[in-house]
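**Q** Turn this into a model:
(one chain, ligands or ions: 1)
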Amino acid sequence: MAEFSMNSKDFFTALETDQLIGSHCLDCGAMVVPQRGICPRCLGSNTEIVSLSGKGTLLAFTVIYVPSLMMAQAGYDAKNPYCVGVVKLDEGPKISGQILDVDVSQPESIQIGTKLIMTTIKRGGEENEKTYLGFRPV
Ligand SMILES: [Zn+2]
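**A** Model prediction:
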């Protein structure tokens, strides 16, 4: 993982190539995503960057009908809502992201505990394109 640093922008650089990175504390074992130079559990700085599988489980979710400006620009609105969830990664840490390929017209059909795999979502057009983390059911 030498190609990535603890700089937060490297989290997104990794996403551009479909890689999910986090950090592992060599002192207390905590796993964190995105990666951090200082361990949030023991405050130590003996951390290393790790590659994560991108596999996880849906812990919580919401269906959003009133989008942020960025999501409105991506075409979402009250008639075209989207799902955002909190995902517990197989390696332990939790992260949020858009949940794709679920039936947002029937939120009751979306199940806590669903096994998910990461995907990436590109938004912003050619000039301002950014890559975001998303998940879809396995
Ligand atoms: Zn630690």
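**Q** what about residue 30, neighbour count?
**A** The tally of other residues near residue 30 (other CB atoms under 10 Å) stands at 19. Where C-beta positions appear, they are placed from N, C-alpha and C, glycine not excepted.
**Q** quick one, what contacts it?
**A** Applying CB atoms under 8 Å, 6 or more residues apart in numbering, we find residue 30 in contact with 24, 39-42.
**Q** hmm, which of those are the buried ones?
**A** With burial judged by 16 or more other CB atoms under 10 Å, the buried subset of those is 24, 39.
**Q** Of the contacts of residue 30, which belong to strands?
**A** Within the contacts of residue 30, residues falling in strands by DSSP state E are residue 24.
**Q** Also near the ion: which of the contacts of residue 30, exactly?
**A** With CB under 5 Å from the ion as the criterion, those include 39, 41-42 near the ion.
**Q** Rebuild the residues you listed as CSV, extending it with pLDDT.
**A** CSV is the format used below for those (pLDDT from 0 to 100):
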residue, pLDDT
39, 97
41, 96
42, 98
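**Q** tell me which of the residues you listed is nearest to residue 61?
**A** The closest of those to residue 61 turns out to be residue 41 (CB to CB; 26.0 Å).
**Q** in the helix or strand of the chain with the lowest mean pLDDT, what counts as buried?
**A** Using mean pLDDT, DSSP states H and E, the weakest-scoring helix or strand in the chain turns out to be helix 125-128, at a mean of 81. Residues of helix 125-128 classed as buried by neighbour count (16+ other CB under 10 Å): none.
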